[in-house]
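A.B. asks: mind looking at a prediction? Sequence and model below.
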Amino acid sequence: MPRIVKPLTATEVKQAKPQAKEYLKPDGEGLFLRIKPTGAKSWLFRYAVPYTGKRTHIGFGAFPAVSLAEARRRRESARELLAQNIDPKKHREEQEQQERRLNDNTLERAIRQWFAVKKTKVTPSYAEDIIRSLERYIVPELGKVPITEIKAPAAIAALKPVAAKGALETVKRVTQRLNEVMTYAVNTGMLDANPLAGIRHAFEAPAKKNQPTLKPAQLQELMQALHTASIKRTTRCLIEWQLNTMVRPSEAAGARWEEIDLEGKLWHIPAERMKKKRPHTVPLSPQAIALLEVMRPLSGHREHIFPADRDPTKHANAQTANMALKRMGFKDMLVAHGLRALASTTLNEQGFDPDVVEAALAHVDSNDVRAAYNRAEYLERRRVMMNWWSEHIEQAATGNMSMAAGTKALRAVN
């Protein structure tokens, strides 16, 4: 007959004294109070492991943090698991591992993992803008929160101060990027569903506005301002290079000498530097080549055609042209990206094939077959167009433009 154990009382637990050696006081049904020589007290539950019958024990915590009543509750929970042939120690370890996994899968970690994939699909400058926006507006408030605990109200609260400043375009971009992160988390098993799918509706939509640009008739004004502006030669050449080649600001600022084919009069921009991650070739007009010759003494021995002022081993900042245009008096009238719109409007008004213009702007054609045809077929037609465009710019710069010149018939357009 098994020995009957008298359950402990709260007083006995509290008054149990340490001895020279550690000892146990039973409470019954496998529960024991362990008293160490130091006086520290804790709870143990002894049991037989299911199937193997091996004797082992599991700790229930220290007294008085874990009271007698709480220790008995934990004992009953363990006995319920044993009745289902579940080892309580193994069960607790698995729960702790799962909890650690949940806590390790923070929003910041999800952002980093998503960004590692995202940055391979966009240009380096755009990738930098993406991660900087999330690090500034999301990570400080929510970065350490387990992604399973992220809820819409918290995300909205983090962005409300940004919206209150009127930066609605920033809010729009951040919510879009945050949703991409959460979709990634769903697809990789971190989440069952995206709880932030509708947070953009909590904010006022930004007013849609195009990039500031000039009208074709204002090209002469721009060239005159550029001629008299107190800016560095590299900056002026960078603006004229972008204007003549019709590329994006980041693509112009990051131009490398190794990308230039002077013999073929071509500029080959690799896919990793393009917005749509497709290589782009620009036919170089005589004026564009002349700009390279101006820059050669300044940067011909370096990697980049337009080196940064402070660190010539790096390329000029994509915002360099924007800052110069502001100083020249074009604030809210023209940004560097607007130079592309100026070229596009002029060339379309002059009757050039819109598809050729789009190809020059590196706008990706949705039809891949047609896009491949465009690259081969349109290159020479683009060369004619780019030469005309540079001549048009040169006329504006030298003051030889007239109203008739602005509408003159074009040769070799078709």
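C.D. replies: Thanks, I have it. Residues are numbered from 1 along each chain as shown.
A.B. asks: who touches the spatially closest residue to Ser77 that is not a sequence neighbour in this structure?
C.D. replies: For Ser77, ignoring the flanking residues on the chain, the nearest one in space by Cβ to Cβ, 6 or more residues apart in numbering is Pro88 at 7.6 Å. Backbone N, C-alpha and C define where each C-beta goes, glycine included. Taking Cβ atoms under 8 Å, 6 or more residues apart in numbering, we find Pro88 in contact with 45, 47, 58, 77-78, 81-82.
A.B. asks: just the strands from the stretch 1-150 of the chain, written as ranges.
C.D. replies: 23-28, 31-35, 41-48, 55-63 (DSSP state E, counting those that start in this stretch).
A.B. asks: what's the most buried one of the ones you listed?
C.D. replies: strand 31-35 (a mean of 21; mean count of other Cβ atoms under 10 Å).
A.B. asks: adjacent strands (with direction) for it?
C.D. replies: Partners of strand 31-35 in the sheet, by DSSP bridges, are strand 23-28 (antiparallel), strand 41-48 (antiparallel).
A.B. asks: now do the longest one against strand 55-63, angle only.
C.D. replies: It refers to strand 41-48. 160 degrees (axes from the mean of the first three to the mean of the last three Cα atoms, to 10 degrees).
A.B. asks: what's next to strand 41-48, contact-wise?
C.D. replies: Taking Cβ under 8 Å, 6+ apart as the rule, strand 41-48 contacts 13, 16, 24, 30-36, 54-64, 66, 71, 74-75, 78-79, 82, 88.
A.B. asks: same thing with the first one?
C.D. replies: Outside strand 23-28, the residues that touch it by Cβ under 8 Å, 6+ apart are 5-8, 12-13, 16, 32-35, 44, 68, 71-72, 75.
A.B. asks: follow-up on the earlier one: next, format the strands of the stretch 1-150 of the chain as a markdown table and append mean pLDDT.
C.D. replies: Conversion of these to a markdown table gives the following (pLDDT from 0 to 100):
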| stretch | mean pLDDT |
| --- | --- |
| strand 23-28 | 93 |
| strand 31-35 | 94 |
| strand 41-48 | 94 |
| strand 55-63 | 93 |
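A.B. asks: out of the ones you listed, which is closest to Leu347?
C.D. replies: strand 55-63 (76.9 Å; Cβ to Cβ).
A.B. asks: can you show me the CA trace of that closest one as CSV?
C.D. replies: Output of strand 55-63 as CSV, limited to C-alpha atoms (Å, rounded to 0.1, in the frame of the first residue of the first chain):
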residue,chain,number,x,y,z
ARG,A,55,11.8,8.8,-13.5
THR,A,56,12.5,12.5,-13.9
HIS,A,57,11.3,15.8,-12.5
ILE,A,58,10.3,19.3,-13.7
GLY,A,59,10.7,22.6,-11.7
PHE,A,60,7.6,24.7,-11.1
GLY,A,61,9.4,27.9,-9.9
ALA,A,62,10.7,29.4,-6.7
PHE,A,63,8.8,30.1,-3.5
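A.B. asks: same for it, what does it pack against?
C.D. replies: Secondary-structure packing of strand 55-63 (3 or more Cβ pairs under 8 Å, 6 or more residues apart in numbering; DSSP states H and E): strand 41-48, helix 68-83, helix 88-104.
A.B. asks: adjacent strands (with direction) for it?
C.D. replies: Strand 55-63 is paired, per DSSP bridges, with strand 41-48 (antiparallel).
A.B. asks: how far out from the middle of the chain is the partner strand?
C.D. replies: The chain centre lies 50 Å from the centre of strand 41-48; the measure is Cα atoms, centre = their mean, to the nearest Å.
A.B. asks: for the contacts of Pro88, which one is nearest Ala359?
C.D. replies: Once Cβ to Cβ is applied, the member of the contacts of Pro88 that ends up nearest Ala359 is Leu81, at 68.6 Å.
A.B. asks: isn't that closest one up against Lys89?
C.D. replies: No: using Cβ atoms under 8 Å as the test, Leu81 is too far from Lys89 to be in contact (9.7 Å).
A.B. asks: pLDDT below threshold where in this protein?
C.D. replies: Along the chain, segments meeting pLDDT under 70 span 1-3, 100-104, 207-210, 364-377, 399-414.
A.B. asks: what residues go with each domain of it?
C.D. replies: 10-100, 107-202, 216-406 (automatic domain parsing).
A.B. asks: next one: the second one to chain centre, how far?
C.D. replies: For domain 107-202, the separation from the chain centroid amounts to 9 Å (computed by Cα atoms, centre = their mean).
A.B. asks: show the end-to-end separation of stretch 257-272, please.
C.D. replies: End-to-end distance for stretch 257-272, by Cα to Cα, to the nearest Å: 16 Å.
A.B. asks: any buried residues in it, and which?
C.D. replies: Neighbour-count burial for stretch 257-272, with 16 or more other Cβ atoms under 10 Å as criterion, is recorded at 257, 259-260, 265, 267, 269.
A.B. asks: same question, stretch 63-73
C.D. replies: 63, 66, 68, 71-72.
A.B. asks: and it, how far apart are its ends?
C.D. replies: End-to-end span of stretch 63-73 (Cα to Cα): 14 Å.
A.B. asks: cool, and stretch 192-201?
C.D. replies: End-to-end distance (Cα to Cα), stretch 192-201: 22 Å.
A.B. asks: residues making contact with that stretch?
C.D. replies: Stretch 192-201 has contacts (Cβ under 8 Å, 6+ apart) with 150-152, 155-156, 159, 172, 175-176, 178-179, 182-183, 185-186.
A.B. asks: and whatever helix or strand Ala359 lives in, what does it pack against?
C.D. replies: Take DSSP states H and E as the rule and Ala359 turns out to sit in helix 354-360. Where contact means 3+ Cβ pairs under 8 Å, 6+ apart, helix 354-360 is packed against helix 338-349, helix 368-398.
A.B. asks: coming back round to it: could I get the strands of the stretch 1-150 of the chain as a markdown table with distance to Ser299?
C.D. replies: Formatted as a markdown table, the strands of the stretch 1-150 of the chain follow (distance: least, Cβ to Cβ, whole Å):
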| stretch | distance to Ser299 |
| --- | --- |
| strand 23-28 | 81 |
| strand 31-35 | 76 |
| strand 41-48 | 72 |
| strand 55-63 | 69 |
